[in-house]
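Asker: just need the structure, nothing else, for what follows:
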Amino acid sequence: MTTSAELGLPALTVAPGGVATTTLTVRNDLDIVEAYSFEVVGDCAAWTTVEPTRVSLYPGTSETVTVRLAPPRSPASRAGDFPLGIRVLPAEHPELVTVPEATVTVTPFHELQAALAPRRRRGWLRGRYRTSVRNLGNAPGTVALTPGQAGEDLRFRITPERLRLEPGESGELRVQARARKLIWFGKQASWPFEVTVGPEEAAADKDGAGKGSGGNGTAGKGADGKAAAATGRAGTPGDAATVPTATTARTATLDPTPAASPTAVQRTVLDGEFIQLPILPRWLLALLAALLALLLAWFALVRPAVRSSAKQAAEQAVAQQSATPAPPAGAPAEGNPTAPAGGGAGGQAKPGAGQASAGAGSRNSGPGQAVPGTGQQSSATIDVQTANGAAATGSYVVPHGKVFDITDLVVANFQGDQGLVTITAGNKTITTIALETFRNQDYHWVTPIQVSEDQAVTANVTCESPGTPASGKQAGTCHELLNISGALSDLRQGN
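Answerer: So this is what the prediction gives:
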């Protein structure tokens, strides 16, 4: 005695998202009442059910149950032929189990999900975009992109040219849109374009159809693409995939293939835009125009006025010099310095300088004239220390009954202070120097500067900022030294 079971159809065909049914007939050939339970085995078990799942049969009777196959419309329902088995298990005699089998063919469907990011790019010549594609169908396929534009302003390059995707797999293709020429001046230009996403064969057919109808191969606007999208939306409920939408990317889902047309060509159109910027923007042109206007105004108005003012100032200086009366013949002459110089060796007198004898001093006539033959070499040092932001004066007074013929003068700014030093002899100013312009400065005269008795040689220092000596620590006060040398002679009394 055995248990017999038989499927109504040895082979079935079902489309993902659809339903297919068959029957299973079970007969009890035993001499007792037997209960039978049903279990689906094989690759189709996940989406196959038996109704009812359990029956009880009297000896010699049979019953037919319904087997329902409903594969979901997803990449998990792979296309192809799969075995279907129903295990019929008797409760009282489990050793009499039987498994009738059939072959189930799952038809393929093609569905792609695509997104273009970013939707808009700005640039001088080219823009780069990313097209993300996911295969939501149940069969592998090759995806290709067909870019297009209404005019001939852009050229496109796709990398890679095609993409092979397994069911449920995602990939990315790069799109580069390049303008045919640069915009040097003026406004920015907007170039909208479209990218058609579909299977490789569909893209080739679309390209040929577009050229035949429009003459320029523009993708995405033909009747085929719109009709395919409309047909897909009218298919089974819940077929369209849901994709999050970002502000920088426009996403589109290829419409699912209707069950009645499993081989229909599927395409989708993604909109993009390339905004071409001018090389020289408007504000730069306005700036260049303003600079040119200022340059013209300088040469036309300001420069002539400056040259006229400088010429007038020079004429006034010449006029004042001409109006100044010449000094009397007996006045002491104060020669110009023969070699002012700066440096560490400035304190050394030049050979022969400062060796003035009484005869050199006697060439100055008038009051304060030295007695011939009484001149002796002499020198004095004036040490001036000044607080920051203050002024101080150091002086050397010529002894009573003497006259001092100055031939050499050395100023030392060994700290590198900043400020001003003014050197005077009697009631005459010898020089005024900015401290930051030197470290050691020396002057030498062929014709001595004569300072009479009880008159002073002074150094007035205004300290703006103390410097840093060789020790490396900034000093608290300004410190300058003035060394004067020459011939000290007796003063001739009377005329």
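
Asker: and Ala286, how many neighbours?
Answerer: For Ala286, the count of nearby residues is 10 (other CB atoms under 10 Å). (Glycine included, C-beta is placed from N, CA and C.)

Asker: ok, Thr393 next?
Answerer: So Thr393, with other CB under 10 Å, has 14 neighbours.

Asker: ok, His110 next?
Answerer: 22.

Asker: correct me if wrong: it contacts Thr268.
Answerer: No. Judged on CB atoms under 8 Å, His110 makes no contact with Thr268 at a distance of 11.7 Å.

Asker: in the helix or strand where Thr64 lies, what's buried?
Answerer: Element membership of Thr64 [criterion: DSSP states H and E] is strand 62-69. Within strand 62-69, the residues scored as buried using 16 or more other CB atoms under 10 Å are Val65, Val67, Leu69.

Asker: got the CA coordinates for it in CSV?
Answerer: Taking Å, rounded to 0.1, in the frame of the first residue of the first chain, the C-alpha atoms of strand 62-69 are listed here in CSV:
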residue,chain,number,x,y,z
SER,A,62,-8.6,11.3,-3.0
GLU,A,63,-8.6,15.1,-2.8
THR,A,64,-7.2,18.0,-4.9
VAL,A,65,-5.4,21.0,-3.4
THR,A,66,-4.3,24.2,-5.0
VAL,A,67,-0.6,25.1,-5.5
ARG,A,68,-0.2,28.9,-5.9
LEU,A,69,3.1,30.5,-7.2
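
Asker: helices and strands around that strand, which ones?
Answerer: In this structure, strand 62-69 makes packing contacts with strand 20-28, strand 48-51, strand 54-57, strand 80-90, judged by 3 or more CB pairs under 8 Å, 6 or more residues apart in numbering; DSSP states H and E.

Asker: 6 Å - rerun?
Answerer: The helices and strands touching strand 62-69, judged by 3 or more CB pairs under 6 Å, 6 or more residues apart in numbering; DSSP states H and E, are strand 20-28, strand 48-51.

Asker: need those in TSV with mean pLDDT and distance to Glu194, can you?
Answerer: Formatted as TSV, those follow (pLDDT from 0 to 100; distance: least, CB to CB, whole Å):
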stretch	mean pLDDT	distance to Glu194
strand 20-28	94	39
strand 48-51	94	43
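
Asker: out of the ones you listed, which comes closest to Glu453?
Answerer: strand 48-51 (134.8 Å; CB to CB).

Asker: surely Pro83 and Val40 touch.
Answerer: No. Using CB atoms under 6 Å, Pro83 is not in contact with Val40, being 11.1 Å away.

Asker: who's more crowded, those two?
Answerer: Val40 (18 against 12).

Asker: which residues touch that one?
Answerer: Thr48, Ile86 (CB atoms under 6 Å, 6 or more residues apart in numbering).

Asker: how close does Val106 sit to Ala46?
Answerer: 12 Å (CB to CB, to the nearest Å).

Asker: which one's more surrounded, those two?
Answerer: Val106 (25 against 11).

Asker: return the distance of the residue nearest to Pro167 when sequence neighbours are not counted relative to Gly17.
Answerer: Taking CB to CB, 6 or more residues apart in numbering, and ignoring the residues beside it in sequence, Pro167 has Pro75 as its nearest neighbour in space, at 3.6 Å. As for Pro75, its distance to Gly17 is 12 Å (criterion: CB to CB).

Asker: comparing the two, which residue is more hemmed in?
Answerer: Neighbour count, other CB under 10 Å: between Pro75 and Gly17, Gly17 has more, with 22 against 19.

Asker: which strand or helix spans the more buried one?
Answerer: Using DSSP H and E, Gly17 falls outside every helix and strand.

Asker: is it true that it touches Arg73?
Answerer: Yes. Between Gly17 and Arg73 there is a contact at 3.3 Å, judged by CB under 6 Å.

Asker: contacts for whatever helix or strand Val269 lives in, please.
Answerer: Element membership for Val269, per DSSP H and E: strand 268-276. The contact list for strand 268-276 (CB under 6 Å, 6+ apart) reads 114, 116, 119-122, 127, 129, 177, 179, 183, 188-197, 220, 225, 250, 252, 254.
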